[in-house]
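Engineer: below is the structure, and that's it, no one-letter string:
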């Protein structure tokens with residue numbers, strides 16, 4: 001299933017029987033020095049539509065090691081597209097807040113309160129190739145068979161704090177750091193951006209669940225940089241229908 005077929009698929013199964021279900025998983029972020037940085041706690045509620053899980057709302061709580069208190073949180077709403085959720089992300093330690101909404105067709109409205117307390121507003125136009133935040137996870141599932149067959153999937157990825165989107169490609173790779181049924185690399189296609197941004201490497205099990213994330217995270221290390229980490233995920237609750245065909 002390619003990107004253009006994702007919308008068509010959603011339309012075709014809209015009249016099929018649906019019922020609510022939940023996916024839950026946790027992640028442990030390990031820094032480059034081998035120390036545990038934080039944990040992620042994910043709960044994605046959605047529906048079984050056309051025999052597959054479709055997310056509706058996804059909540060992520062970020063916690064320091066051995067703590068039940070969150071230091072950051074993210075809420076994703078998949079009202080219009082599994083590739084482009086509405087996003088609310090807060091990181092109070094740095095007084096940072098980011099929201100992404102879609103006030104019009106093919107237009108994203110971004111509000112970012114940066115570390116200085118300044119409010120930046122962006123209006124970004126896009127086409128159906130755009131992927132936002134963890135929409136990449138659902139892109140991988142939509143392109144599951146194509147990736148396993150060795151195809152390269154081109155898409156645009158939103159850089160919300162810059163108010164721009166960039167060309168990326170997803171491709172299956174063999175990675176010695178990740179042992180998974182499917183390992184996928186996301187890398188920028190532009191020469192200049194590829195010099196500045198390291199690829200993200202993802203691991204998935206045979207059921208289509210994320211097992212690994214390796215690369216730059218959305219959690220700040222300090223005022224100038226974000227953490228780079230290898231996040232190991234474990235599913236604690238699968239939905240009542242498959243994640244991939």
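Structural biologist: Sure, I can see it. Owing to the predicted nature of the structure, the values given are computational and were not obtained by experimental measurement.
Engineer: how about the contacts made by residue 204?
Structural biologist: Residues counted as contacts of residue 204 (Cβ atoms under 8 Å, 6 or more residues apart in numbering) are 140, 180-184, 210-211. For the C-beta atoms, the positions are set from N, CA and C on the backbone; glycine is no exception.
Engineer: please redo it, this time with the cut-off set to 10 Å
Structural biologist: Residues near residue 204 by Cβ atoms under 10 Å, 6 or more residues apart in numbering: 137, 140-141, 144, 147, 178, 180-184, 210-212, 233, 243-244.
Engineer: how near is it to residue 189?
Structural biologist: 22 Å (Cβ to Cβ, to the nearest Å).
Engineer: so which residues of this structure form helices?
Structural biologist: 3-12, 135-142, 144-148, 191-196 (DSSP state H).
Engineer: neighbouring contacts of the shortest one?
Structural biologist: This means helix 144-148. With Cβ under 10 Å, 6+ apart, helix 144-148 has contacts from 1-2, 139-141, 151-153, 170-173, 181-184, 204, 208, 243-245.
Engineer: among these, name the buried ones.
Structural biologist: Buried members of the contacts of helix 144-148, counted by 16 or more other Cβ atoms under 10 Å: 139-141, 153, 170-172, 182-184, 204, 208, 243-244.
Engineer: before we move on, the earlier item: from the contacts of helix 144-148, which land in strands?
Structural biologist: In this view, the contacts of helix 144-148 that belong to strands under DSSP state E are 153, 170-172, 182-184, 204.
Engineer: pick the one among those residues closest to residue 23.
Structural biologist: residue 204 (13.5 Å; Cβ to Cβ).
Engineer: how near is the nearest residue to that closest one once chain neighbours are set aside to residue 46?
Structural biologist: Closest residue to residue 204 apart from its sequence neighbours, by Cβ to Cβ, 6 or more residues apart in numbering: residue 182 at 4.5 Å. Distance of residue 182 to residue 46, given as Cβ to Cβ: 21 Å.
Engineer: do residue 98 as well
Structural biologist: 23 Å.
Engineer: then residue 37?
Structural biologist: Where residue 46 is concerned, residue 37 sits at a distance of 28 Å (Cβ to Cβ).
Engineer: equivalent analysis for residue 79, please.
Structural biologist: Distance from residue 79 to residue 46, by Cβ to Cβ: 12 Å.
Engineer: in the chain, which residue is closest to the centre?
Structural biologist: Geometric centre of the chain, nearest residue: residue 134, 1.2 Å, by Cα atoms, centre = their mean.
Engineer: contacting residues for the residue nearest to it when sequence neighbours are not counted?
Structural biologist: Using Cβ to Cβ, 6+ apart and skipping the chain neighbours, the partner closest in space to residue 134 is residue 76 (6.5 Å). Residue 76 makes contact with 42, 44, 55-60, 85-89, 100, 132-135 under the criterion Cβ under 10 Å, 6+ apart.
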